[in-house]
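> no sequence on this one, just coordinates:
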């Protein structure tokens, strides 16, 4: 997974493009988002992400930095969520992407977005 691939992944997320997002995943991928239980399988991750996109008005990743080790990509940055009421929450995040070939096998998001669904 190149830096261009990583940028494409984040562009898909920011565009609410669930189909393109899912195209980066291995069929048996595991997805961990903050403190929610692990979601297993590409289809289940697709459904979760599609539902999450319906619960917010917008999302934008900025200040992205990435590093790689063999088979693992690390990404740090900032994400701004636009709530349905138009208010914005901005938090730092860290993602670890463990690869199987060119696809993501484990997608781990370390974030505290606990304020997201509270009034802005």
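Good, I have the coordinates. Since the structure is predicted, the reported quantities are computational estimates derived from the model, not experimental observations.

> residues in contact with residue 9?
21, 24 (Cβ atoms under 8 Å, 6 or more residues apart in numbering). Every residue, glycine included, has its C-beta placed from N, CA and C.

> that one belongs to a helix, doesn't it?
Yes. Under DSSP: H, G, I helix; E, B strand; the rest coil, residue 9 falls within a helix.

> from residue 37, how far off is it?
Going from residue 9 to residue 37 by Cβ to Cβ, to the nearest Å gives 22 Å.

> which positions within stretch 90-109 qualify as buried?
Along stretch 90-109, these residues count as buried under the neighbour rule (16 or more other Cβ atoms under 10 Å): 93, 95, 97-99, 103-109.

> for this structure, just list every one of the strands.
25-33, 39-40, 58-69, 72-82, 88-100, 103-111 (DSSP state E).

> any chance of CSV for those strands, columns mean pLDDT and distance to residue 50?
Shown next, in CSV, are those (pLDDT from 0 to 100; distance: least, Cβ to Cβ, whole Å):
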stretch, mean pLDDT, distance to residue 50
strand 25-33, 97, 13
strand 39-40, 98, 12
strand 58-69, 94, 13
strand 72-82, 96, 16
strand 88-100, 96, 19
strand 103-111, 97, 15
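
> closest to residue 52 out of those?
Among the strands of the chain, the nearest to residue 52 by Cβ to Cβ is strand 25-33 (7.9 Å).

> for the closest one, packing partners?
strand 39-40, helix 42-54, strand 103-111 (3 or more Cβ pairs under 8 Å, 6 or more residues apart in numbering; DSSP states H and E).

> before I go, just wanted to say thanks for your time.
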